[in-house]
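Engineer: What shape does this take:
(one chain, ligands or ions: 1)
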Amino acid sequence: MFEILASAAPGFDVEAATRAYLETLQGAARESSDAYFEGGYWLILFGAAAAVLVDWLILRFGLANRFRNLGERVFKRPFAITWLTALLYTLVGWVLSLPWSIYTGFVREKQYDLLDQSFGAWIGESLIALALGLAVMPLFIAVIYAVIRKSPRGWWAWGTGVVGLFLAVMLMVAPVFISPLFNTYTELEDGPLRERIVAMAAQYDVPADNIYVFDQSKQHKRISANVSGLGPTIRISLNDNLLERTSEEEIVAVMGHELGHYKLNHGLWRVTFMLTIIGLGLFVVSRAAPWLIRKYGDRWGVRDITDPASLPVLGIVLSVYFMLATPAFNNITRVQENEADAFGLEAAQEPDGFARAAMRLSEYRKIEAGPVEEFLFYTHPSGENRVRRSMQWKADNVPNAAMIVPEEGYLDPQ
Ligand SMILES: [Zn+2]
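Structural biologist: Next up is the predicted model:
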């Protein structure tokens, strides 16, 4: 009786149990994990620089001006002129950004052995994404410019509403119309694992129909799971790497975490918080872009902010703003991830399974970080913090908790 009521198991040392996990990542594996993730910090800066350079090239060589002129020759209505300008801008921007995309998305991933696709397969997926972008973005941009024409100074507020509607619709349709273009989604196979997951989900009124498995091993071998969709399309998807590379304890622990995202309505909250940051960004654009156009508009052939040729000017301001706002976006995500971690430990009751899964994510996320580093750059808690949280939960909830030292080689890719 007293043993069960005891809040911490005697003899179970949270710190020692945490270190036992962390020490299983050593040598070359740890160095590679650190280097890959730390390189990512620079990619934020260089990515913004690359985006600004592309927009500047489009302005400097008068392309934006020519796109709009072509639009004005073909169409009469401002909406259609903007649509065609935006279509050409999206297409040319994609081509000019291609070297950067190939380096970050293909070459670098291959260097760290994190991608299992041929270049042909990779570029094929990029082209599908481009086709989607061309179908959606020019329309969206044309709507934004219609709002700009209506209210050249106050458009940022209405524009934020348009972005919110757009994000909500995209979030809702993505799992049904977009994700299946890249991967095949199937039901979880029958068996004891499915029964256990379905039973856990049922405790939180999540129907088994809303749980999918997808074949991400065709892209890479990272373990992953996510909650996507909104309202009627909300669902949990586990990738096949998670199912094939890990133990039942890990799968159930990760599933518990995803149930947290699902039940805590993280998708909707995330859109709401993101909109606040985006709204501020549009306000900055509504003030900075006209200033840039007054200064350089003649040279670029851009008349004013209602002119769709101003699109790359808006792009430059937004690229710089979003780079500076990266820590804000990261913190929105990391707060939710912390909540989902806490939820998942209660739901799955598999602290060691969650600790093992957290260690496995070191393939692409540096396992230990200082507090400032985590605050600025981490979208999820560091592996160290996740393992410690798991061990603390174990100490608080498992009677006579015993320390488990993971076996040698469990992190090796299979
Ligand atoms: Zn998560």
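Engineer: separation between the residue lying closest to V162 once chain neighbours are set aside and the ion?
Structural biologist: Sequence neighbours aside, V143 is the residue nearest to V162 in space, at 5.7 Å (criterion: C-beta to C-beta, 6 or more residues apart in numbering). The C-beta positions use only the backbone N, C-alpha and C, and glycine is treated the same way. Remark: distance between V143 and the ion (C-beta to the ion, to the nearest Å) = 32 Å.
Engineer: Could you do E189 as well?
Structural biologist: 23 Å.
Engineer: I'd like to check which residues are in contact with that residue.
Structural biologist: By C-beta atoms under 8 Å, 6 or more residues apart in numbering, E189 lies in contact with V213.
Engineer: next one: phi and psi at it?
Structural biologist: The phi and psi torsions at E189 (degrees, to the nearest 10) take the values phi -60, psi 150.
Engineer: With S237 instead?
Structural biologist: Torsion angles at S237 (phi, psi; degrees, to the nearest 10) stand at phi -120, psi 130.
Engineer: wait, isn't it in contact with N226?
Structural biologist: Yes. Between S237 and N226 a contact is recorded at 5.7 Å, counting by C-beta atoms under 8 Å.
Engineer: between these two, which one's more packed in?
Structural biologist: A direct count of neighbours by other C-beta atoms under 10 Å for S237 and N226 places S237 higher, at 21 against 15.
Engineer: For beta bridges, what are the partners of that one?
Structural biologist: For S237, the beta-bridge partners are Y212, N226 (DSSP bridges).
Engineer: give the contact list for it.
Structural biologist: 175, 179, 185, 211-214, 225-228.
Engineer: One more: R386?
Structural biologist: Counting by C-beta under 8 Å, 6+ apart, R386 has contacts 341, 354-355, 358, 380.
Engineer: Work out for me the element it sits within.
Structural biologist: Using DSSP states H and E, R386 falls within helix 383-397.
Engineer: and that helix, C-alpha only, in CSV?
Structural biologist: Extracted as CSV, the C-alpha positions of helix 383-397 are listed here (Å, rounded to 0.1, in the frame of the first residue of the first chain):
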residue,chain,number,x,y,z
GLY,A,383,16.2,14.1,-27.0
GLU,A,384,17.9,14.7,-23.6
ASN,A,385,14.8,16.6,-22.3
ARG,A,386,12.4,13.9,-23.6
VAL,A,387,14.4,11.1,-22.1
ARG,A,388,14.5,12.9,-18.7
ARG,A,389,10.8,13.6,-18.8
SER,A,390,10.2,9.9,-19.5
MET,A,391,12.4,8.9,-16.6
GLN,A,392,10.8,11.4,-14.3
TRP,A,393,7.4,10.0,-15.3
LYS,A,394,8.6,6.5,-14.6
ALA,A,395,9.9,7.5,-11.2
ASP,A,396,6.6,9.2,-10.3
ASN,A,397,4.3,6.5,-11.7
